[in-house]
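*Asks:* Just a sequence and a predicted model for now, questions to come.
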Amino acid sequence: MSSQVGHPLIVIVGPTGSGKTALSLSLTTGALARDFGGGEIVSCDSVAVYRDFEIGTAKPSREERARAPHHMIDVAPPNESFTAGEYARQARQALQEIKGRGNLPIVVGGTGLYLRALIDGLSPAPQRSEDLRTRLRHRANEKGTSHLHNVLRRLDPSAAEKIHANDLPKIIRAIEICLSEGQAMTTLWERGREPLKGFRIIKIGLNPDRKALYEHINARCRRMFEEGLVEETRTLLGKYENTMSQPNSPLNALGYRQAVSLLRGEMTVDEAVAAAQQAHRNYAKRQLTWFRNDPGIKWLDGFGDDPKIAARAAELTR
């Protein structure tokens, strides 16, 4: 849901590795940004919010961050849970401050739930039931994740359509909400939500050729390992290993999870790299599935660092 009047807000989405950062930096100096005082970038990434996590997050580099002000990066300690609701609260405050300075805000990232919380708002969710969660995990171990996905499909077909059949944590949470509230999770989402107001939202999606995207993802994953991901993970384990049992621990994020397995002797280097590549490719598929459900996104078929794509995006923001 977006307002048709108000201060312009550019939102750049797309799968991992599609060049969102490059495009966002290009637009900070574009025609629309020049009409204001310049552009400021608000990251929308569920791992980039954590301090100390660098190589595996593909955060904008120091040089890139020096080109334009960045927000919602390194705002949370890794040993504390950071929810979509907390992200929305802080990011909305950043947007208002950017607007107050007369600048152009550009939200960029691939975490769909965070973006939904920011733009559409989140309804208050029910408390977690560890007893129910334990029973659902036991059921998944006995009958497989697909069985629980089928259960969710009966309880909330719309939620099942959006959640990947192998994403056990989200499936369990959706079933938990359905059973505890006596209604579909998607119905609950619509209750008591407070959408972002005062902005004219322009959404741009990057959709590169799938083969080229996967090649780029594979190369980037290998580069992360070559540039010290394992060494960084070793240091992080020393500081935060006791947080790994938390479902949203950044040490369980893509890349870091495989580096942890390597350090524990569960994988070779080649196996860890291959597993990280596969996990990132699967994540890219899920991201595209999520964002394609948003009819307000204007899609561009290419990478964000392509000058032709940047020029087309600039046209869409006028």
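*Replies:* That came in fine, so what should we check first? None of these values were measured; they are calculated from a predicted model.
*Asks:* From the centre of this protein, point out the most distant residue.
*Replies:* E142 (30.7 Å; Cα atoms, centre = their mean).
*Asks:* Mind giving me the packing neighbours of the helix or strand encompassing that one?
*Replies:* Secondary structure assigned from DSSP states H and E places E142 in helix 130-143. Helices and strands touching helix 130-143, by 3 or more Cβ pairs under 8 Å, 6 or more residues apart in numbering; DSSP states H and E, are helix 145-155, helix 168-181. All C-beta atoms are positioned from the backbone trio N, CA, C, and that covers glycine.
*Asks:* and those helices, which one is worst for confidence?
*Replies:* Lowest mean pLDDT of these: helix 168-181, a mean of 85.
*Asks:* Please name every helix or strand in contact with it.
*Replies:* Looks like helix 168-181 contacts helix 130-143, helix 145-155, helix 157-162, helix 185-189 (3+ Cβ pairs under 8 Å, 6+ apart).
*Asks:* Work out for me the element E232 sits within.
*Replies:* Element membership of E232, judged by DSSP H and E, is helix 229-240.
*Asks:* Report the mean confidence score over that helix.
*Replies:* Over the span of helix 229-240, the pLDDT mean works out to 96.
*Asks:* what does stretch 59-75 give?
*Replies:* Rounded mean pLDDT across stretch 59-75 is 95.
*Asks:* Show me what counts as buried in that stretch.
*Replies:* 59-60, 65, 68-75 (16 or more other Cβ atoms under 10 Å).
*Asks:* now, of the helices and strands packed on helix 130-143, which is deepest in the fold?
*Replies:* Most buried of the helices and strands packed on helix 130-143, by mean neighbour count (mean count of other Cβ atoms under 10 Å): helix 168-181, with a mean of 20.
*Asks:* the inter-axis angle of that one versus helix 145-155?
*Replies:* 30 degrees (axes from the mean of the first three to the mean of the last three Cα atoms, to 10 degrees).
*Asks:* next structured bit after the helix or strand of the chain with the lowest mean pLDDT?
*Replies:* Within the chain, confidence by mean pLDDT, DSSP states H and E is lowest for helix 185-189 among all helices and strands, at a mean of 69. Moving toward the C-terminus from helix 185-189, the next helix or strand (DSSP H and E) is strand 199-206.
*Asks:* Just give the closest residue to Q287, not the sequence neighbours.
*Replies:* Spatial nearest neighbour of Q287, chain neighbours left out: P15 (4.4 Å); criterion: Cβ to Cβ, 6 or more residues apart in numbering.
*Asks:* any idea of the mean pLDDT for the longest helix along the chain?
*Replies:* Secondary structure assigned by DSSP state H gives helix 269-291 as the longest helix of the chain. Here helix 269-291 scores 97 as its mean pLDDT.
*Asks:* thought L237 was touching S261?
*Replies:* No. Between L237 and S261 there is no contact, the gap being 11.6 Å when judged by Cβ atoms under 8 Å.
*Asks:* quick one: low-confidence parts of the protein?
*Replies:* 1-4, 123-127, 188-192, 247 (pLDDT under 70).
*Asks:* Spell out for me which residue occupies the centre of it.
*Replies:* Geometric middle of the chain (Cα atoms, centre = their mean) lands on T111, at 1.5 Å.
*Asks:* For the closest residue to that one other than its chain neighbours, what are phi and psi?
*Replies:* Closest residue in space to T111, ignoring its immediate chain neighbours: S46 at 4.3 Å, by Cβ to Cβ, 6+ apart. With angles defined as degrees, to the nearest 10, S46 sits at phi -70, psi -10.
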